[in-house]
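Engineer: Model the structure of this input:
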Amino acid sequence: MTKRQAALAAGIWGAFLTSTLAAAPAQAQSIESERAANPQLAHALDQLKRVEFELLNAPGDYGGRKARAVDDVRRAMHSLRGALYWRLHLDESQWDRY
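Structural biologist: From the prediction side, this is the model:
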């Protein structure tokens, strides 16, 4: 490999690393900006997270209905994340990561 080829390869590699590392924080900022732009939806999502926590830590199974209630809360959180992050054009499988 010549010096010119090595320099070109290093430049391409550096550009790739810069764009890859810069892309992750940009998406995180976008998620935070969506939460900031939609405080009611963000608050509702936070409330549902608390409800899920309380249900999971509550004693008993409420006549066999606890598992279904937890599942319903999780589906509601999934739908709410879709509404909150729709402008980010995330794949539906990514919604629950945030």
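Engineer: can you list the weak-confidence ranges in the protein?
Structural biologist: Residue ranges of the chain with pLDDT under 70: 1-29, 98.
Engineer: Let's see that with 90 instead.
Structural biologist: The model of the chain has pLDDT under 90 over residues 1-35, 37, 83-98.
Engineer: just the strands in it please.
Structural biologist: Here the chain has no strands by DSSP state E.
Engineer: now the helices for it?
Structural biologist: Here the chain has its helices, by DSSP state H, at 3-37, 39-57, 66-84.
Engineer: who does the second one touch, helix- and strand-wise?
Structural biologist: Other elements packing on helix 39-57 under the criterion 3 or more C-beta pairs under 8 Å, 6 or more residues apart in numbering; DSSP states H and E are helix 3-37, helix 66-84. Every C-beta, even on glycine, is put in place using the N, C-alpha and C of the backbone.
Engineer: redo that, cut-off 6 Å
Structural biologist: In terms of contacts (3 or more C-beta pairs under 6 Å, 6 or more residues apart in numbering; DSSP states H and E), helix 39-57 is packed against helix 66-84.
Engineer: now the angle between helix 39-57 and the helix it packs on, please.
Structural biologist: Helix 66-84 and helix 39-57 are oriented at 160 degrees to each other (axes from the mean of the first three to the mean of the last three C-alpha atoms, to 10 degrees).
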